[in-house]
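[1] Return a 3D structure for these sequence lines:
(one chain, ligands or ions: 2)
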Amino acid sequence: LEAVCNKTAIDLAGKMRCNFPAFNGNRLNLEKHVLKSLAEKEKFDDFITYITNPRTQTEAFIKAEVEKYIFKDHKDEAVNVLKTNIDDIKTRVGEALFTATKKVQTSKEGDTDMWLNEFSNVIKDELTFDNICSENFSDINNFEFLKEEIKKGFTSITEEMSSLSLDKLKDSRQKSDEILINQLCNCCWVKCPFCAAVCTNTIEDHSPDDHSAPFHQPRAVAGGKWRNTNEMCIDFCTTLVGSDLYFYLESSDRSVPYKNYRDGGPDFATWRITSDESKLAYWKWFVCHYKKELESHYKREFKGKGKIPDDWKTIKKDDINKQKKNLQ
Ligand SMILES: [Zn+2]
Ligand SMILES: [Zn+2]
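    Residues are numbered from 1 along each chain as shown. Ligands and ions are numbered 1, 2, ... in the order given. Alright, predicted model coming up:
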């Protein structure tokens, strides 16, 4: 039973990896889908989780999508995979019974030990002998009898299997969502020290290669503000690193020119942030849409130098996914 559930979980994970749009591309593609889903659901707390701990939010996204795929949208497909795997195991055990018996019958020294060996050998990839029957057969000499006993044992298992439902998958050792999380989340999760944009490198520890992200965010997304004020910094770090402005290190109060941001210490030195004017509509929409929530969350305000430009306010939610697609 366990074997059937595990195999089904693995098969379904494989299917999703091939067919499901969020899981069948690269890291950036997954990132895009996570952001898209955040915008669709419009839960501010989820955004904050994403900003503070992107991995947690990404794992929650994968879990939710797998659940939806297996138990809702593609339920029939999942049931079919489960059925196929049950039939497979039935066939294999049937074949194993037959092969083992035939071997022993045609051999001169055929005995129960040989029979058991043969039988276990054929099915060892699928099941362990204990799965089928826990009784001790060592004192049985008649393998025909043994075969019948095993058949009986197996029949009760197949009956149980036939009543196996998808819900059982939730208890199996291998779970589709965990398999996918393992495959998709073993990558770099280091955040930009300015804006908290997550590094999209697919390797967890990729030094000496710099961290990098294709899109940065306004610093305010991560609560960035102007020094000695309570005014949010709505500038993108990609703009700031091309400017003549300075930033201040929290730890030492030392000022560092944005242009030489790598001098700010190891957290800064390991990032490659290229100066450009790419400003993702997504984050402009986010800042406008959650202005109040961000202000109360970070206890800072969008005013003065942090006043939100009027043209940001015209961005509709429909526009933001389009831009993300194009930029890719
Ligand atoms: Zn950044
Ligand atoms: Zn990285």
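
[2] Break this protein down into its structural domains.
    What the record gives for the chain is the domain set 1-186, 219-327, from automatic domain parsing.

[3] weakest of the ones you listed in terms of mean pLDDT?
    Per-stretch mean pLDDT for those is lowest at domain 1-186 (a mean of 85).

[4] near ligand 1 at all, it?
    No - using Cβ under 5 Å from the ion, domain 1-186 stays clear of ligand 1, with a minimum separation of 11.6 Å. Placement of C-beta: from N, CA and C, glycine included.

[5] need the domains of the chain in JSON lines with mean neighbour count, can you?
    Formatted as JSON lines, the domains of the chain follow (neighbours: other Cβ atoms under 10 Å):
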{"stretch": "domain 1-186", "mean neighbour count": "16"}
{"stretch": "domain 219-327", "mean neighbour count": "16"}
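
[6] As JSON lines, those with distance to ligand 2 would be great.
    Written out in JSON lines, the entries for the domains of the chain read as follows (distance: least, Cβ to the ion, whole Å):
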{"stretch": "domain 1-186", "distance to ligand 2": "10"}
{"stretch": "domain 219-327", "distance to ligand 2": "8"}
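
[7] now the nearest residue in space to H211 that is not next to it in sequence: how far from K68?
    Here the nearest residue to H211 in space, its sequence neighbours aside, is C199; by Cβ to Cβ, 6 or more residues apart in numbering that works out to 3.9 Å. If you measure C199 against K68 using Cβ to Cβ, to the nearest Å, the figure is 28 Å.

[8] Determine the set of other helices and strands touching the strand or helix carrying E59.
    E59 belongs to helix 54-68 when assigned by DSSP states H and E. Where contact means 3 or more Cβ pairs under 8 Å, 6 or more residues apart in numbering; DSSP states H and E, helix 54-68 is packed against helix 27-41, helix 44-52, helix 176-185.

[9] chain center to the longest one: distance?
    Right, the one you point to is helix 27-41. On the basis of Cα atoms, centre = their mean, to the nearest Å, helix 27-41 is displaced by 12 Å from the centre of the chain it belongs to.

[10] The shortest one now?
    On the basis of Cα atoms, centre = their mean, the separation between the geometric centre of helix 44-52 and that of its chain is 17 Å.

[11] helices or strands up against it?
    In terms of contacts (3+ Cβ pairs under 8 Å, 6+ apart), helix 44-52 is packed against helix 27-41, helix 54-68, helix 291-298.

[12] Please give me every residue in contact with the residue in the stretch 201-328 of the chain positioned nearest to ligand 2.
    For the stretch 201-328 of the chain and ligand 2, the shortest gap (Cβ to the ion) falls at H211, measuring 3.5 Å. By Cβ atoms under 8 Å, 6 or more residues apart in numbering, the residues touching H211 are 188, 190, 192, 199, 201, 270-272.

[13] re the thing from before, after the helix holding E59, heading C-terminal, what element do we hit next?
    Sequence-wise, the next helix or strand downstream of helix 54-68 (DSSP H and E) is helix 75-106.

[14] orientation of that next one relative to helix 176-185 in degrees?
    Following axes from the mean of the first three to the mean of the last three Cα atoms, to 10 degrees, one obtains 100 degrees for the angle between helix 75-106 and helix 176-185.

[15] moving C-terminal of helix 75-106, what's the next helix or strand?
    helix 112-123.

[16] how about the helix holding E59 as PDB, C-alpha atoms only?
    Backbone C-alpha positions of helix 54-68 (Å, rounded to 0.1, in the frame of the first residue of the first chain) are rendered in PDB as follows:
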ATOM      1  CA  PRO A  54      10.400  34.300   0.300                       C
ATOM      2  CA  ARG A  55      11.100  30.700   0.700                       C
ATOM      3  CA  THR A  56       8.200  30.100   3.200                       C
ATOM      4  CA  GLN A  57       5.800  31.800   0.900                       C
ATOM      5  CA  THR A  58       7.100  29.900  -2.200                       C
ATOM      6  CA  GLU A  59       6.700  26.600  -0.300                       C
ATOM      7  CA  ALA A  60       3.100  27.600   0.700                       C
ATOM      8  CA  PHE A  61       2.400  28.400  -2.900                       C
ATOM      9  CA  ILE A  62       3.700  25.000  -4.100                       C
ATOM     10  CA  LYS A  63       1.700  23.200  -1.400                       C
ATOM     11  CA  ALA A  64      -1.500  25.000  -2.300                       C
ATOM     12  CA  GLU A  65      -1.100  24.400  -6.000                       C
ATOM     13  CA  VAL A  66      -0.300  20.700  -5.600                       C
ATOM     14  CA  GLU A  67      -3.400  20.300  -3.400                       C
ATOM     15  CA  LYS A  68      -5.500  22.100  -6.000                       C
END
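
[17] what angle sits between it and helix 176-185?
    Using the same axes, to 10 degrees: helix 54-68 against helix 176-185 is 140 degrees.

[18] chain center to helix 54-68: distance?
    From the chain centre to the centre of helix 54-68 is a distance of 6 Å (Cα atoms, centre = their mean).

[19] Ok, stretch 150-169 next?
    From the chain centre to the centre of stretch 150-169 is a distance of 31 Å (Cα atoms, centre = their mean).
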